[in-house]
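Student: Sequence and predicted structure are below.
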Amino acid sequence: LLLSVGDIKETGKPQDINSLNGKMLRYRLNGSIPNTNPIPSSPIFSLGHRNPQGIAEDNEGNIWISEHGQSSNDELNKLENGRNYGWPLVTGNCTSASQSLCDSLNMAEPYETWSPTIAPAGVVYFNEPSIPEWQNSLLIACLKEQRIMVSHFNADKSAVTHSDWVFQYQFGRIRDILLLPNGRLFVCTSNPVSYTHLRAHETRG
């Protein structure tokens, strides 16, 4: 079980291994702590997060998370055991000025960043024949920009090759996306309408 915990506006906590703030936590379903977690007897799986929101697993078992930046650098990250995601010491990608700090933190750089911020929320990996042009991509619900971001991976998922978006300003603030086994998609919004069914032909409109 993976749990995302924000920093709760306490920026000193994400780099503190004695605090659960600003962390991704991992438990067994019975509540015990896996012995493969990076810190013995601790649920902490990764640190240096500001506000992780969505969590998705792809068809190869990789875990992807969306994360809110503060005023810039919303991020898409690949979750890795024991890695540091920088906050608040590094935001966004490493630069020549911050590279030595990134190295000392064992920092995992984001696969994608957004400035101005888009407020990414729920994510789902999509590789269904129902919408061929979205295969091998992450669908990311966006609150602030009120759209679904489609981030396309290269073949080995070592990079996001490009992104586009659909349904901007049509459904309001999109909170989460649900993929059913038959390839149908539903979105949950932070509006009075609780869900909307997305049909394949609508994505091509």
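Tutor: Nice, thanks for sending it over.
Student: Remind me which helix or strand the nearest residue to residue 166 once chain neighbours are set aside belongs to.
Tutor: What sits nearest to residue 166 in space, not counting adjacent residues and going by C-beta to C-beta, 6 or more residues apart in numbering, is residue 148, at 5.3 Å. Heads up, the C-betas are built off the backbone N, CA and C, glycines and all. For residue 148, the host element (DSSP states H and E) is strand 147-153.
Student: Please name the strands paired to the next helix-or-strand element following that strand in the sheet, noting orientation.
Tutor: Per DSSP H and E, strand 147-153 leads on to strand 160-166 as the next helix or strand towards the C-terminus. Here strand 160-166 is paired, per DSSP bridges, with strand 147-153 (antiparallel).
Student: contacts for the strand it pairs with?
Tutor: 76, 111-112, 118, 120, 134, 136-142, 159-169, 174, 177, 187 (C-beta atoms under 8 Å, 6 or more residues apart in numbering).
Student: which of those residues are buried?
Tutor: Buried members of those, scored by 16 or more other C-beta atoms under 10 Å, are 76, 111-112, 118, 120, 134, 137-142, 160, 165-167, 174, 177, 187.
Student: Just the ones of those residues in strands?
Tutor: Among the buried ones among the contacts of strand 147-153, the ones falling in strands (DSSP state E) are 76, 112, 120, 137-142, 160, 165-166, 174, 177, 187.
Student: For those residues, work out which two are farthest apart.
Tutor: Farthest-apart pair in these is 160 and 187; separation 21.1 Å (C-beta to C-beta).
Student: what about the residue nearest to residue 166, how many residues close to it?
Tutor: For residue 148, the neighbour count with other C-beta atoms under 10 Å is 25.
Student: Equivalent analysis for residue 54, please.
Tutor: When neighbours are counted by other C-beta under 10 Å, residue 54 comes out with 22.
Student: That one falls within a helix, correct?
Tutor: No - with DSSP: H, G, I helix; E, B strand; the rest coil as the criterion, residue 54 is assigned strand and is not in a helix.
Student: Renumber starting at 52 from here on
Tutor: Will do, 52 is the new start, and the previous item becomes residue 105.
Student: residue contacts, it?
Tutor: 115, 116, 117, 171, 172, 173, 174, 191, 192, 227.
Student: tell me which helix or strand of the protein sits lowest on mean pLDDT?
Tutor: When the helices and strands of the chain are scored by mean pLDDT, DSSP states H and E, strand 246-249 comes last with a mean of 58.
Student: pretty sure residue 64 contacts residue 58?
Tutor: Yes - the pair residue 64 / residue 58 is scored as a contact, 5.6 Å apart, by C-beta atoms under 8 Å.
Student: Mutual contacts of these two, please.
Tutor: 72, 73.
Student: so residue 205 touches residue 212, yeah?
Tutor: Yes - with contact defined as C-beta under 8 Å, residue 205 counts as touching residue 212 (5.1 Å).
Student: mind listing the helices for this protein?
Tutor: For the chain, helices defined by DSSP state H occupy the ranges 150-156.
Student: Return, as residue ranges, the portions of it with sub-threshold pLDDT.
Tutor: 243-256 (pLDDT under 70).
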